[in-house]
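# have a look; sequence and predicted model below, questions after that.
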Amino acid sequence: MPSPSRKKRRRWIPWTLGLALIVALGLGLRPSPARVEVARVTTGPLQATVSEEGKTRIRQRYVISSPVNGQLRRVPFKPGAEITAGAILAVIEPMAASPLDARSRALAEARRDAAAAALDKARAAYQLAVTERTRVENMQREGTVSPQDLDTARLRETNAARDVVNAEGTLRSAEAELHVAASTASESPSSDGPAAPQAPLALTAPVAGRVLRVFQESERPVAAGTPILEVGDPTDLEVVVELLSRDGAALAPGAKVLFEQWGGDKPLEGRVRLVEPAAFTKISALGVEEQRVYVVADITTPLAERASLGDNFRVEARVVVWETERTLKVPTSGLFRQGSSWAALVLRDGRAELVPVEAGRSSGTEMQVLSGLAEGDEVILYPGDRIKPGQRVQRMDV
């Protein structure tokens, strides 16, 4: 027969087993800590940049044009051909002006004679107007005519003087036409034949470089001012970047620029030389009207490291608008907006703690911390809506 103490111990066994089961169920149903990715707040250099697409262009371009009317000989150069300063690029045979024929000369002489007669008539009308104005002045002093008659006489004199000036100009024009015809005829072997041909005119390269474009390649007549070639030095490049006017206003000459995605392994370095003083309106891909300004930057990377870069090549320009060698910073993905300010969830004692943060400049991937965080704090990255303040979290091994 079991003793009373043994019966008492057996009586507590179900209770003990039930309590253990409840504890096990509680531990099993307890939510496990959320696994999160964290990053430490560090101190180091930081750059605030503005990124936009840019385009290279040759700093000095030269368009070679025909200075006279003439016959262009075939241009022997193709785009990309190397040239030296002073090299002959094109040859033009000037066209000699033909003298006037007998009929045209007779018409020109008739125009001259008509202009001379018109001048004599205008001078006679002017003398008559002067005489009439003098007579009216005398009569007006005697009180026999009104002041309006005197004003009319003076107006007629003024108009007659203008007619004399116009007639003199017409006569000079007619005489000049005859003079040019006479000079051309005197240079010709005979007055009836064509004028003697002039010596060919050679167009030379103003600088050493390459031929960029050939506008006229085949032999053909050209007028004065017709563009024939475009030349320049492709090693002397600059980059033009379109920035928003508010970003361009924050730049100063000498600002650092990094050129990426240009085709090489390493970014190229440059410096801002000019922010153009006039902006322009541009419609973005989303249909938004923007005010933009051209920023011109020089490439400072040695030529040997960018030999394959040419004219009108696309680059991705990253303009440094602000930089410092030492500041407190945190990954941008660790901050989020809370109202009008910034905040972060910091891992402390296994739980997420909400901390207000005062942020400064941003490089795109990192942001400057002015207050709220200390160096070494572990900030939860990409918290989203799944992490709440006070929630138990566990650092994820990366």
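Perfect, thanks for sending it. Everything numeric here is computed off the predicted structure, so don't read it as measured data. Residues are numbered from 1 along each chain as shown.

# return the distance of stretch 32-51 from the chain's centre.
Chain-centre distance of stretch 32-51: 35 Å, with C-alpha atoms, centre = their mean, to the nearest Å.

# can you check stretch 313-323 too?
Using C-alpha atoms, centre = their mean, the offset of stretch 313-323 from its chain centre is 14 Å.

# now stretch 143-155
Worked out by C-alpha atoms, centre = their mean, stretch 143-155 lies 65 Å from the chain centre.

# what about stretch 251-262, average pLDDT?
When pLDDT is averaged along stretch 251-262, the result is 91.

# what do you get for stretch 14-23?
Per-residue scores along stretch 14-23 average to 70.

# same deal with stretch 108-128?
Stretch 108-128 comes out at a mean pLDDT of 89.

# CA atoms of that stretch as CSV?
The C-alpha coordinates for stretch 108-128 follow below in CSV (Å, rounded to 0.1, in the frame of the first residue of the first chain):
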residue,chain,number,x,y,z
ALA,A,108,23.9,101.3,-119.2
GLU,A,109,24.9,104.5,-121.1
ALA,A,110,21.3,105.3,-121.5
ARG,A,111,20.7,104.9,-117.8
ARG,A,112,23.6,107.1,-117.1
ASP,A,113,22.4,109.8,-119.4
ALA,A,114,18.9,109.6,-118.0
ALA,A,115,20.3,109.9,-114.5
ALA,A,116,22.3,113.0,-115.5
ALA,A,117,19.2,114.6,-117.1
ALA,A,118,17.2,113.8,-113.9
LEU,A,119,19.9,115.4,-111.9
ASP,A,120,19.8,118.6,-114.0
LYS,A,121,16.1,118.7,-113.7
ALA,A,122,16.2,118.3,-109.9
ARG,A,123,18.8,121.0,-109.5
ALA,A,124,16.7,123.4,-111.6
ALA,A,125,13.6,122.6,-109.5
TYR,A,126,15.7,123.3,-106.4
GLN,A,127,16.9,126.7,-107.6
LEU,A,128,13.3,127.5,-108.5
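
# neighbours of residue 143, just the number please.
When neighbours are counted by other C-beta atoms under 10 Å, residue 143 registers 7. Backbone N, C-alpha and C define where each C-beta goes, glycine included.

# tell me how far it lies from residue 133.
17 Å (C-beta to C-beta, to the nearest Å).

# can you check residue 342 too?
Counting by C-beta to C-beta - residue 342 and residue 133 are separated by 89 Å.

# poorly predicted segments of the stretch 1-150 of the chain, please.
For the stretch 1-150 of the chain, the stretches with pLDDT under 70 are 1-13, 15, 17-18, 21, 23-31, 96-101.

# change it to 90
Along the stretch 1-150 of the chain, the parts satisfying pLDDT under 90 run over 1-38, 47-51, 60, 68-69, 80, 94-113, 115, 129, 132-150.

# can you pull out the strands in it?
Counting by DSSP state E, counting those that start in this stretch, the stretch 1-150 of the chain has strands at residues 34-36, 38-40, 42-58, 61-65, 70-72, 82-83, 88-94.

# phi, psi for the most centrally placed residue in the chain please.
Centroid-nearest residue in the chain: residue 294, 3.7 Å away (criterion: C-alpha atoms, centre = their mean). Residue 294 adopts backbone torsions of phi -80, psi 130, taken as degrees, to the nearest 10.

# quick one, what contacts the closest residue to it other than its chain neighbours?
Nearest residue to residue 294 in three dimensions, chain neighbours excluded: residue 276, at 4.5 Å (C-beta to C-beta, 6 or more residues apart in numbering). Residue 276 sits next to 293, 294, 295, 296 when contact means C-beta atoms under 8 Å, 6 or more residues apart in numbering.
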